[in-house]
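Asks: I would like to see how this sequence folds:
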Amino acid sequence: MTPSWTAQFRLSITRALADQLATALEPLTPVPLTDEFLKAVEPRPGVYVLYLHGERVYVGKASISLQERLAQHKQKLSGRVGLSSDSVHFVCVYVDEDLDAAAPEKLLIKKYRATDSIPWNTNGFGNKDPGRNRDRSLVKAKHFDAAYPIDLETVVYLHPGRHTAARLLEIAKRELPYNLRFENKGTAKKTLERTLVTFRGGTISARDLMWLIISALPSGWQATALPGYLILYHETNEYESARVWWRRDPDGNVLSIVGPQRYEAGEVPGNDVDPEASDSDETLL
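Replies: Numbers count the residues shown, from 1 in each chain. Reported below is the predicted structural model:
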């Protein structure tokens, strides 16, 4: 039995830091994730919160530049069905201390989880390209990519003339707000580099560009729109979560085939930590 004249005191520095960060964020007014407001954000490290329709959905950090990190999110959201950067709002605070050591976003995630779900922190919103081995995996029904798949009507600009398939793919990879991965080694690389595609110039949707490239490539190539990104390989595969794929039939006609678009029920596996929380030069998925 503890005597009435003694007591136990536990100092929680992490909880105190989370409370202070939340206090700094609380009075801020969320603004649209648009160029107008991003211009006013300084290129300094810090923590930010994203809101969708007034609901807090994501907490993240930028180890180098909040402006750059938020601009990456804006780009990603611009290529998603059912989302736009102006439907997502944000607030942020500058934190000049060692962000990686303090991990402030983890503290805020833990704090906010007590009152709301901040769903985008666990549904794959910040993930990069999962890699070739995950292309065949069923996408979780609650994954960000399942809820907001890539918009195949997103356009890129191409100069008129004859381009190699490799050149067109590189342009699309650079310009599209979602990832495009393609086979680029050995014989496949040589095929892409010698295949010529004629284009009259102007804008073209990602959907039409994939059709155009497949129509120029030899039989046996396939472009596939998965929920979160595009792939192009020398293959003939039916992906369970695919939205659509393009391939040539034996007569040389390009087929645009609607995919099964199957998703796996259940929660999205992952940590409370955004794997993309620090600044990156890569285009996000």
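Asks: how about the helices in this structure?
Replies: Assigned by DSSP state H, the helices in the chain fall at 13-25, 35-38, 66-77, 99-102, 104-113, 144-147, 165-175, 186-194, 206-216.
Asks: and the third one, what does it pack onto?
Replies: Put plainly, it is helix 66-77. Judged by 3 or more Cβ pairs under 8 Å, 6 or more residues apart in numbering; DSSP states H and E, helix 66-77 is in contact with helix 35-38, strand 46-52, strand 55-62, strand 88-94. Using the backbone N, CA and C atoms, a C-beta is placed for each residue, glycine as well.
Asks: the residue nearest to Thr154 when sequence neighbours are not counted: how many residues sit nearby?
Replies: Nearest-residue entry for Thr154: Gly79, 4.7 Å, with adjacent residues in sequence omitted and distances by Cβ to Cβ, 6 or more residues apart in numbering. Applying other Cβ atoms under 10 Å, we find 20 residues neighbouring Gly79.
Asks: and the helices of the chain, which one's lowest on average pLDDT?
Replies: For the helices of the chain, the weakest mean pLDDT is recorded on helix 99-102, namely a mean of 60.
Asks: ok, back up a step: ok, now which ones touch the residue nearest to Thr154?
Replies: By Cβ atoms under 8 Å, 6 or more residues apart in numbering, the residues touching Gly79 are 150-151, 154, 176-178.
Asks: any chance of the helices of the chain in CSV with distance to Ala242 as columns?
Replies: CSV is the format used below for the helices of the chain (distance: least, Cβ to Cβ, whole Å):
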stretch, distance to Ala242
helix 13-25, 39
helix 35-38, 33
helix 66-77, 20
helix 99-102, 37
helix 104-113, 32
helix 144-147, 12
helix 165-175, 18
helix 186-194, 20
helix 206-216, 12
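Asks: re earlier: out of the helices and strands packed on helix 66-77, which comes closest to Glu264?
Replies: Nearest to Glu264 among the helices and strands packed on helix 66-77 is strand 55-62 (21.7 Å), distances taken as Cβ to Cβ.
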